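**Student:** Starting from these lines, generate the structure:
(chains A and B)
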There are 2 protein chains.
Amino acid sequence: MARRASCLLGGVLVLTAACAGAADPLPSWNEGKAKQAVVGFVAQVTSEGSPGFVAPSERVAVFDNDGVLRCEQPLPVQTAFTFDRVRALAPQHPEWNDKEPFASVLKGDVNGALAAGRDGLLDLVMATQTGMTTDELDRLVKEWIATARHPVTRRPYTEMVYQPMLELVAYLRANGFRTFIVSGGGAEFLRAWTGEAYGIPPEWVIGSREKTQLEMRDGKPALVILPVVDFSDDGGGKPVGIHNRIGRPPIAAFGNSDGDLEMLEWTCAASGPRFCAFVHHTDAAREWAYDRDSRVGRLDKGLDEARAKGWTLVDMKEDWRVIYPPPDRSRADPRAIR
Amino acid sequence: MARRASCLLGGVLVLTAACAGAADPLPSWNEGKAKQAVVGFVAQVTSEGSPGFVAPSERVAVFDNDGVLRCEQPLPVQTAFTFDRVRALAPQHPEWNDKEPFASVLKGDVNGALAAGRDGLLDLVMATQTGMTTDELDRLVKEWIATARHPVTRRPYTEMVYQPMLELVAYLRANGFRTFIVSGGGAEFLRAWTGEAYGIPPEWVIGSREKTQLEMRDGKPALVILPVVDFSDDGGGKPVGIHNRIGRPPIAAFGNSDGDLEMLEWTCAASGPRFCAFVHHTDAAREWAYDRDSRVGRLDKGLDEARAKGWTLVDMKEDWRVIYPPPDRSRADPRAIR
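**Tutor:** This is a model prediction of the structure:
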């Protein structure tokens, strides 16, 4: 990824021949309808003088995170972090042994812990990721992500990203797009590692957040995270979050679950050239296969609507030549790579 | 401004010789301490290999809007718009004749209208700029700004911007900075015209906002503005707004009033090279002279703190060779230019 992103200087995109590249910009994509659709869209919006041309200033693409840019099975990465924080803090909270969903986490009962749904998860986040400054949380996340491993592949979470999507992000950026993450997860949590994993700077991360408040800490102003939800960037919240940040609909949106449906509807209802796509998890051998009945990343209404509206469905099994980037053998345990 | 911004393609900054320029990048600034300070800071953070070097990805500068980028006297531009909206909608609201601050606006009593302070102004904004979609408000603002004139100079509001600050924004961008507006005013209102006036894209505008909600309008999803404050981007809110959007403190901050003080404190308390400046309105002949006792843009605590901490004070009278850009004679009334 470091090599791939070498044409990007922070948030500043320098268009060079090396960057725009004559070679296939999407080598991990099989030739097929999905690749054709995205390449055709980019050709259309970048063809100056054509009716489908879109000025570079309007080229904004948004990506959901979990299940679109990275693996969200068996648990989204923030959930794994949250469970680990509960375990780390448990000695100071004996009351958690009798309180759900804390008790299930401490017993190692993932299904029990998830049974309380989004509200239960929110209780865990509030108990473990608030009451500290934004800098303190950033440090905790960075320390965790440097050592934590995916429970199945044993690879670092920063490597459990989809190589075809990294290529797509780089391809769009080489074509003048700004590429935002729009995640239901916490923005603080994401920003601590999306720079390294995707080359996406903090100002391009839109996520859920708690209220923060300016306070003096050690004689300096600091932002303290309060245990109060300020914004939930999911479902109908995604267009709200995008508008608050970007001021207009993007021209391209990539999701994978019903939580992304409003984002895609809003994007593709706007006038002018638009591109909407769902990543469809169809590859039980190399990743996971799930849609309508999944607990994580359920894609049900969205699947019907994508077909009805002619949005692109990226079939992971058919469309992707590889799933993950080559392992960094200095960090990952090669025995566990599948 | 169009010519000045010709090296900027939307949010994409292409570094060219013309942009980085060998000529004085700040021709409207007199030689003096303020110009020296800002040029010295930029030289420091862009000198690769020097201890003060800052990577381009971390070069973020924030600017308050009213009184920093543009004239805020005798009234901030959004207040003028709001008063005009009250007048336009008055026929449908006979009850406003007996209700403050509406009644004062309708009688043309500006002091009476402002007597209710920020809360009174908020009542006017809620009554005139909510209950519609974001697209509808955008259209209203664009129509208004195309025809409205500053009450003293009779120039369009988009021309009541400070030429030295436009040069400063362009200079920072040519040096790899992203330049955000961080205003106590409404983000929707600002975005409708900051592109034209400053060349700053909507995604670089941080402001106050009302709650918005996704609803179906004419069979399409649209964002409807509710009469509920979602975020007040003033005082201690400015660091919160910046963090939510950018994920870290900027390295340079420009304000002009005590409402910007926390933004500057937070910026300059962070480690590494930082630059904080207040624009001090000292020019009663060419603009307005005001600080500690002003109703609009009061600078009192900030003036003391700037001196105590060695922040830069830009003395408009001494430091600026010109105030406004040359008039666009095709639009402005030349008789009114002073």
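**Student:** could you dump the helix or strand hosting A:I181 to CSV, C-alpha only?
**Tutor:** Assigned by DSSP states H and E, A:I181 belongs to strand A:178-186. C-alpha atoms of strand A:178-186 as CSV (Å, rounded to 0.1, in the frame of the first residue of the first chain):
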residue,chain,number,x,y,z
ARG,A,178,-11.6,12.7,-3.2
THR,A,179,-12.4,9.4,-1.4
PHE,A,180,-14.3,9.6,1.9
ILE,A,181,-15.0,6.8,4.3
VAL,A,182,-18.6,7.0,5.6
SER,A,183,-18.9,4.5,8.4
GLY,A,184,-21.4,3.6,11.1
GLY,A,185,-18.4,3.0,13.3
GLY,A,186,-16.7,5.7,15.4
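**Student:** Do any residues in the following helix or strand past that strand lie close to chain B?
**Tutor:** Note on strand A:178-186: by DSSP H and E, the next helix or strand toward the C-terminus is helix A:187-198. Yes: counting by Cβ under 8 Å from any Cβ of the partner chain, chain B is contacted by helix A:187-198 at A:A187, A:R191. For glycine as for every other residue, the C-beta is placed from the backbone atoms N, C-alpha and C.
**Student:** Which strands border the helix or strand just after helix A:187-198, and is each parallel or antiparallel?
**Tutor:** Using DSSP H and E, the next helix or strand after helix A:187-198 towards the C-terminus is strand A:205-217. Strand A:205-217 has the following sheet partners, assigned by DSSP bridges: strand A:178-186 (parallel), strand A:220-231 (antiparallel).
**Student:** The first one vs helix A:187-198, what angle?
**Tutor:** Angle between the axes of strand A:178-186 and helix A:187-198 is 130 degrees (criterion: axes from the mean of the first three to the mean of the last three Cα atoms, to 10 degrees).
**Student:** all strands for the stretch 201-338 of chain A, in order.
**Tutor:** Applying DSSP state E, counting those that start in this stretch to the stretch 201-338 of chain A gives strands spanning A:205-217, A:220-231, A:252-255, A:275-282, A:289-290, A:312-315.
**Student:** hang on, the earlier thing: what's the offset of the strand holding A:I181 from the middle of its chain?
**Tutor:** 6 Å (Cα atoms, centre = their mean, to the nearest Å).
**Student:** just to revisit the earlier point, would a markdown table of the strands of the stretch 201-338 of chain A with mean pLDDT, mean neighbour count and distance to A:A127 be doable?
**Tutor:** Listed next are the strands of the stretch 201-338 of chain A as a markdown table, based on pLDDT from 0 to 100; neighbours: other Cβ atoms under 10 Å in any protein chain shown; distance: least, Cβ to Cβ, whole Å:
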| stretch | mean pLDDT | mean neighbour count | distance to A:A127 |
| --- | --- | --- | --- |
| strand A:205-217 | 98 | 19 | 12 |
| strand A:220-231 | 98 | 17 | 8 |
| strand A:252-255 | 98 | 28 | 29 |
| strand A:275-282 | 98 | 24 | 31 |
| strand A:289-290 | 98 | 18 | 29 |
| strand A:312-315 | 98 | 22 | 37 |
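**Student:** got the contact list for the closest residue to A:G32 other than its chain neighbours?
**Tutor:** If the residues on either side of it in the chain are set aside, A:G32 comes closest to A:D319, at 5.5 Å by Cβ to Cβ, 6 or more residues apart in numbering or on different chains. Neighbouring residues of A:D319 by Cβ atoms under 8 Å, 6 or more residues apart in numbering or on different chains: A:W29, A:N30, A:G32, A:A34, A:K35, A:P164.
**Student:** Pull the most distant pair out of the residues you listed.
**Tutor:** Pairwise distances across those peak at 11.6 Å for A:G32 and A:P164 (criterion: Cβ to Cβ).
**Student:** These two: which is more packed in?
**Tutor:** A:P164 (24 against 13; other Cβ atoms under 10 Å in any protein chain shown).
**Student:** Which secondary structure state does that one sit in?
**Tutor:** Here A:P164 is helix, with the state taken from DSSP: H, G, I helix; E, B strand; the rest coil.
**Student:** That one contacts A:N30, doesn't it?
**Tutor:** No: between A:P164 and A:N30 there is no contact, the gap being 9.2 Å when judged by Cβ atoms under 8 Å.
**Student:** Which residues are in contact with each of those two?
**Tutor:** A:D319, A:W320, A:R321.
**Student:** since we're on the residue in the stretch 51-200 of chain A that chain B sits nearest to, how many residues are nearby?
**Tutor:** Going by Cβ to the nearest Cβ, chain B is nearest to A:S57 of the stretch 51-200 of chain A, at 2.3 Å. Using other Cβ under 10 Å, A:S57 has 18 other residues around it.
**Student:** which ones are touching A:P76?
**Tutor:** Applying Cβ under 8 Å, 6+ apart, the residues near A:P76 are A:D66, A:G185, A:V296.
**Student:** The first one contacts A:G186, correct?
**Tutor:** No: counting by Cβ under 8 Å, A:D66 stays clear of A:G186, with 11.6 Å between them.
**Student:** related to what we said a few turns ago, average pLDDT across the strand holding A:I181?
**Tutor:** For strand A:178-186, the mean pLDDT works out to 97.
**Student:** now stretch A:29-49
**Tutor:** 98.
**Student:** Can you name the residues in contact with that stretch?
**Tutor:** A:26, A:50, A:52-54, A:59, A:164, A:167-168, A:171-172, A:175-176, A:251-252, A:273, A:275, A:277, A:312-315, A:318-321.
**Student:** what separates it from the chain centre, distance-wise?
**Tutor:** With Cα atoms, centre = their mean, you get 22 Å for stretch A:29-49.
**Student:** Also stretch A:285-305?
**Tutor:** 16 Å.
**Student:** what does stretch A:110-127 give?
**Tutor:** 20 Å.
**Student:** Also stretch A:55-68?
**Tutor:** 11 Å.
**Student:** Flag every buried residue along it.
**Tutor:** Using 16 or more other Cβ atoms under 10 Å in any protein chain shown as the test for burial, stretch A:55-68 gives A:56-68.
**Student:** same check, this time on stretch A:123-138
**Tutor:** A:123-130, A:132-134, A:137-138.
**Student:** Relative to A:A116, how far out is the nearest residue to A:W96 once chain neighbours are set aside?
**Tutor:** Once flanking residues are discounted, A:W96 sits nearest to A:F102: 3.6 Å by Cβ to Cβ, 6+ apart. The gap separating A:F102 from A:A116 is 10 Å, by Cβ to Cβ, to the nearest Å.
**Student:** what's the answer for A:A127, then?
**Tutor:** A:A127 is 13 Å from A:A116, by Cβ to Cβ.
**Student:** what does A:E167 give?
**Tutor:** 38 Å.
**Student:** So which of those two has more stuff around it?
**Tutor:** Shown here are A:E167 and A:A116; by other Cβ under 10 Å, A:E167 has more neighbours (18 against 15).
**Student:** Thanks again, I'm all set now.
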